[in-house]
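Q: fold the following.
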Amino acid sequence: MTMGEDKGGTSTGSSGSAAPTGRLSPPEWLLKSLLPQSAPVPWAAVTRASVALAAPLAVGLAIGQPMYGALVSMGALSGVIGDTADAYRMRIFNIAVPQLFGAVGVTLGTLVYGQGWLAVAALTFVALVSGMISSIGAVASVSGLLLLLNAVVGAGLPMPGPWWKAPVLLTLGGLFVLVLSLLAWPLRGRMPERTAVAATYRSVADLLDAAGTAEYDEKRQAVTESLNTSYDLILARRARDHGRSSPLVRLLAQLNVLIPLVEAAAAAHLYGRASRQPEIAAAVRDLADAVDQGRGEAPRLELPEPEGPADRAVEAALRHAAVVVHEADPDPYNVDDRLGRPAALRIRARRTARDLLFSEPSWRYGLRLALCIGLAQALVSLVPVPRSYWVALTVTFVLKPDFGSVFSRAVLRALGTAGGLVVAAAVLSQVPRGWWDVPVMMVLAALVPAFSAKGYAFQTAAITPVILLLSDFLNHQGFDLVLPRLVDSLIGCAIALVAGYLLWPESWHTRIGDRLAAAVEDTAGYVAYAFGSESAADQAERVRRRRRIYRDLSSVRTEFQRALTEPPPTGARAAAWWPLVVAVERIVDATTAARVRVNHGAEPPARAEVAEIEQQLRELAEGVRASEVLVEVEAELEGGEEGVLGALRQEVKAARAIASPGGSG
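A: Below you'll find the predicted structure:
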């Protein structure tokens, strides 16, 4: 180590032992899913939902057409569920595009209403298409969901004629939510993007505060998520107006200068001393305030005297960030993003279509969903027992691939539906149909976004009484809806568990190590690239590779967290592999820290040393990919801890030590 630096604590804290459970206590994997998530109440979304669902109902009652009002409110409910973006331009896509697919879905469903085998065949085909397009992205996932949901509703509930009326009314409801969402656009403008960038600055300040402590890993994950959010918001808009929108380019420049500071934070965590002083984090928070407020005068930075390469890296990155944050007009032609500019729409559409048609996971998920929907609709349409659209509706929600574990979701769906039916029973039995439904709907609708932030079971409990109240305007069954809907939900969950889960071995023998192995391989490539050429182009590519690795590792974390909610053996296997996920993230941190130290005066490593570490990581990746359980892979890395790669060498050894038979569970 360079004189004046000290090596910060990097030990991984234990996740804590599980609380003892009694013989009759629910299993731990289920308890994790049932615990409400800590999230603030989205008051703006609560207000929009209340108005969006109650107002159409009031208008329908006023004109003597409550069925029309109920259909518009149903469309509004879909818009409320899809209204998850912060940036206004993103809301247009998140709400408007799925509504078009929903209109197609309800049209197809209405045309096959009461048609027996034709309805089964049509919904099975729609389910196949819905499942396949759900793998494209977030907007496509919601679009596929609405396509199938509305088709199920159209095939299960009597709709007012002619055929085009139902899709028009449902679409009006979704567009009403969109209008309500965009009302503040002229006043708030680019505030969501600016707020996101300022939040990223504050997360970096927290990261610097945590340098050298056990909290660093958690704060670095928060920085990764915040960077992903900010880049997604800005780059989604920059695809069309790059170089012409000065405020947007300014925000992008302010976001880009955080990357060197994040890299320097990794060095500060391992080696820094002066860069851990509170003045450093305070200066970053001042920059966050400047970003949040638009523009301000550049303050004089009073920073501690650097004591080594790590400290010098932090100081240089911080001073450069201060210049860019307070600079009036950054050069729009010298502002590059760190992930690559999106390709033209035509190219992306062609690439997406090709990937979709030749993607084995897309076909496999589409076939699973089609099988389950086909069985559910056959039960509804062909078996001479009163059943409802609620069976196929339940299957659709439970089998959504990006909503979490199928097994846990089936259990939570049943529990949430039961809770929602208690509320629905009280409403349908005590509230007469008519104007009293409007204030009741205002309250129930407000609960949807409020409970959705708490978890899937809570969201289901909030949505269930809303759908039942609206559907009662169409089929007029009243309180008699309650018990049959609970039975239908249980049947739908059973179909999803058997035909969509147990019959597909990859569901419960998930190869969760494959994604992790790919991340380890990418890390090996990053190690080799980090100490390669010194050209400006290679430095930019190094930054992009690091960002992509952290983004991929964030996805791996999400996948593992979903797997942790599965019952054994998948959940136990994910828990055993989890420490290796953390270890790989620490390897990336150590690589970045070593590169930063070299940039600021430390002796660069020998090529043979870098090649040896790369080889060790590639062997680790092969071992992870080839094993159902963790296998032992010993690391024989030459060299002491004093070189620039000392910390990296120790992290690689630690990662390979984790991969031992004792942790397989």
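Q: my guess is residue 57 contacts residue 66, does it?
A: Yes. The criterion here is C-beta atoms under 8 Å, and residue 57 meets it with residue 66 at 7.3 Å. For glycine as for every other residue, the C-beta is placed from the backbone atoms N, C-alpha and C.
Q: so for those two, which residue has more residues nearby?
A: Looking at residue 57 and residue 66 with other C-beta atoms under 10 Å, you find the greater number of neighbours at residue 57, namely 26 against 21.
Q: name the helix or strand for the nearest residue in space to the more buried one that is not next to it in sequence, please.
A: Excluding the flanking residues, the one nearest residue 57 by C-beta to C-beta, 6 or more residues apart in numbering is residue 69, at 4.5 Å. Take DSSP states H and E as the rule and residue 69 turns out to sit in helix 66-82.
Q: and that helix, what does it pack onto?
A: helix 43-62, helix 97-111, helix 138-156, helix 165-182, helix 437-452, helix 456-475 (3 or more C-beta pairs under 8 Å, 6 or more residues apart in numbering; DSSP states H and E).
Q: quick one: residues contacting residue 96.
A: The contact partners of residue 96, taken as C-beta atoms under 8 Å, 6 or more residues apart in numbering, are 174, 175, 178.
Q: who wins on neighbours among these?
A: Most neighbours among the contacts of residue 96, by other C-beta under 10 Å: residue 174, with 28 neighbours.
Q: from what I can see that residue touches residue 78, true?
A: Yes. Checked against C-beta under 8 Å, the pair residue 174 and residue 78 is within contact range at 5.6 Å.
Q: residue 167: which of the contacts of residue 96 is nearest?
A: Nearest to residue 167, judged by C-beta to C-beta, of those is residue 174 at 10.7 Å.
Q: ok, that closest one - contacts?
A: Taking C-beta under 8 Å, 6+ apart as the contact definition, residue 174 lies against 75, 76, 78, 79, 82, 95, 96, 98, 99, 102.
Q: could I get these as a markdown table with distance to residue 254?
A: Written out in a markdown table, the entries for the contacts of residue 174 read as follows (distance: C-beta to C-beta, whole Å):
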| residue | distance to residue 254 |
| --- | --- |
| 75 | 39 |
| 76 | 37 |
| 78 | 36 |
| 79 | 32 |
| 82 | 30 |
| 95 | 29 |
| 96 | 30 |
| 98 | 32 |
| 99 | 34 |
| 102 | 38 |
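Q: least confident of those?
A: Within these, residue 82 has the lowest pLDDT, namely 79.
Q: which residue packs closest to that one, ignoring adjacent ones?
A: Counting by C-beta to C-beta, 6+ apart, residue 82 lies nearest to residue 142, which is 4.8 Å off, once chain neighbours are set aside.
Q: do the same with residue 165
A: Ranked by C-beta to C-beta, 6+ apart and with sequence neighbours excluded, the top spatial neighbour of residue 165 is residue 159, at 7.3 Å.
Q: any idea which helix or strand carries the one you found?
A: Secondary structure assigned from DSSP H and E places residue 159 in neither a helix nor a strand.
Q: my guess is it meets residue 110, correct?
A: Yes. Judged on C-beta under 8 Å, residue 159 makes contact with residue 110 at a distance of 4.9 Å.
Q: common neighbours of the two, please.
A: Shared contacts of residue 159 and residue 110 (C-beta under 8 Å, 6+ apart): residue 166.
Q: number of residues surrounding the closest residue to residue 291 other than its chain neighbours?
A: Computed as C-beta to C-beta, 6+ apart, the closest residue to residue 291 that is not its neighbour in sequence is residue 198, at 4.4 Å. Residue neighbour count, defined by other C-beta under 10 Å, stands at 21 for residue 198.
Q: for residue 583, same thing?
A: A total of 21 residues lie near residue 583 under the criterion other C-beta under 10 Å.
Q: gap between it and residue 488?
A: Note on residue 583: its distance to residue 488, by C-beta to C-beta, to the nearest Å, is 46 Å.
Q: low-confidence ranges, the stretch 401-550 of the chain, go.
A: Low-confidence regions of the stretch 401-550 of the chain, defined here as pLDDT under 70, cover residues 401-405, 505-512, 533-538.
Q: can you give me the helices for it?
A: Remark: helices of the stretch 401-550 of the chain, listed N- to C-terminal, are 406-430, 437-452, 456-475, 482-497, 505-508, 512-530, 536-564; assignment by DSSP state H, counting those that start in this stretch.
Q: list the buried residues of the last one.
A: Counting neighbours by 16 or more other C-beta atoms under 10 Å, one finds that the buried residues in helix 536-564 are 542-547, 549-554, 556-557, 559-560, 562-564.
Q: what touches both of residue 174 and residue 78?
A: 98, 99, 102.
Q: tell me the one of these nearest residue 654?
A: Closest approach between the shared contacts of residue 174 and residue 78 and residue 654, by C-beta to C-beta: residue 98, at 45.1 Å.
Q: contacting residues for that closest one?
A: Contact analysis of residue 98 by C-beta under 8 Å, 6+ apart lists 78, 82, 139, 142, 143, 145, 146, 174.
Q: any low-confidence regions in the stretch 1-150 of the chain?
A: Counting by pLDDT under 70, the stretch 1-150 of the chain shows low-confidence ranges at 1-34, 85-89.
Q: what does the stretch 551-665 of the chain give?
A: Where the stretch 551-665 of the chain drops to pLDDT under 70, the residues are 565, 568-569, 628-643, 659-665.
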